[in-house]
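S.K.: from the sequence below, what's the structure:
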Amino acid sequence: MQSNYAQKLQAGVKFPDMKVQILNGEMKTLGTPENGHDWKLVVIYRGQHCPICTKYLNQLETVKASFSDAGIDIIAVSGDSKAQLESHLEKLDIDFPIAYGLTIEQMESLGLYISDPRSEKETDHPFSEPAVFVVNADGEIQIVDISNAPFSRPELAALANGLSFIRENNYPIRGTHC
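M.R.: Got it, this is the predicted structure:
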């Protein structure tokens, strides 16, 4: 059993400055909002080998308007290669940026759980388990959900509704008691 796990990112801290690449070659800063929004939803998924991730990303597409209405931009990223992402897009019906090539060092700096593939049928590289980060207009982590299992993730419609409440009521970052 490994004993030196990455430090988990805490609510209220600045989201790390991290660049990722999308399919057209453009580099995106992971936690920086775009498209006229001032908050960012960052979805980390396991990769194309995970049918639960495929379902989750397709569900995100169905509720993305709720995030947009709340001023929240979206990006998803995994450690998959460009070729793996291209293959995965055949199963995805999404219209938000999706990046590839998240490195182990980047996964560690985000405090993600990292798994080794069970076999070559699964994938050919270590991959992160799922996580969701919501980065506010100050670049701070408003919400953090880091999982070590593919079936433990926030329900997207509830998250969108909760974020609307947070934005409308100037609700503070929770979980910051020292």
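
S.K.: okay, which residue is most central for this protein?
M.R.: In the chain, the centroid-proximal residue (CA atoms, centre = their mean) is V43; its distance is 1.7 Å.

S.K.: in terms of helices and strands, where is it?
M.R.: According to DSSP states H and E, V43 maps onto strand 39-44.

S.K.: check which helices and strands that strand sits against.
M.R.: Contact here means 3 or more CB pairs under 8 Å, 6 or more residues apart in numbering; DSSP states H and E; on that basis strand 39-44 packs against helix 51-69, strand 72-77, strand 131-135. C-beta coordinates here come from the backbone N, C-alpha and C atoms, glycine included.

S.K.: adding mean neighbour count and mean pLDDT, write those out as CSV.
M.R.: Shown next, in CSV, are the helices and strands packed on strand 39-44 (neighbours: other CB atoms under 10 Å; pLDDT from 0 to 100):
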stretch, mean neighbour count, mean pLDDT
helix 51-69, 17, 98
strand 72-77, 23, 98
strand 131-135, 23, 98
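
S.K.: I'd like these as TSV, with distance to L89 appended.
M.R.: TSV is the format used below for the helices and strands packed on strand 39-44 (distance: least, CB to CB, whole Å):
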stretch	distance to L89
helix 51-69	10
strand 72-77	12
strand 131-135	21
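
S.K.: looking at these, which is nearest to P172?
M.R.: Counting by CB to CB, P172 lies closest to strand 131-135 out of these; the figure is 13.4 Å.

S.K.: list the strands paired with that closest one, with their directions.
M.R.: Using DSSP bridges, the strands paired with strand 131-135 are strand 39-44 (antiparallel), strand 141-146 (antiparallel).

S.K.: which one of the ones you listed is the most hemmed in?
M.R.: Of these, the one with the most neighbours on average (mean count of other CB atoms under 10 Å) is strand 39-44, at a mean of 24.

S.K.: what is the rounded mean pLDDT of that one?
M.R.: Regarding strand 39-44, the rounded mean pLDDT is 98.

S.K.: then stretch 93-105?
M.R.: Taken as a whole, stretch 93-105 has a mean pLDDT of 96.

S.K.: now that stretch: buried residues?
M.R.: Within stretch 93-105, the residues that count as buried by 16 or more other CB atoms under 10 Å are 94, 96-102.

S.K.: endpoints of it, how far apart?
M.R.: End-to-end distance of stretch 93-105 (CA to CA, to the nearest Å): 29 Å.
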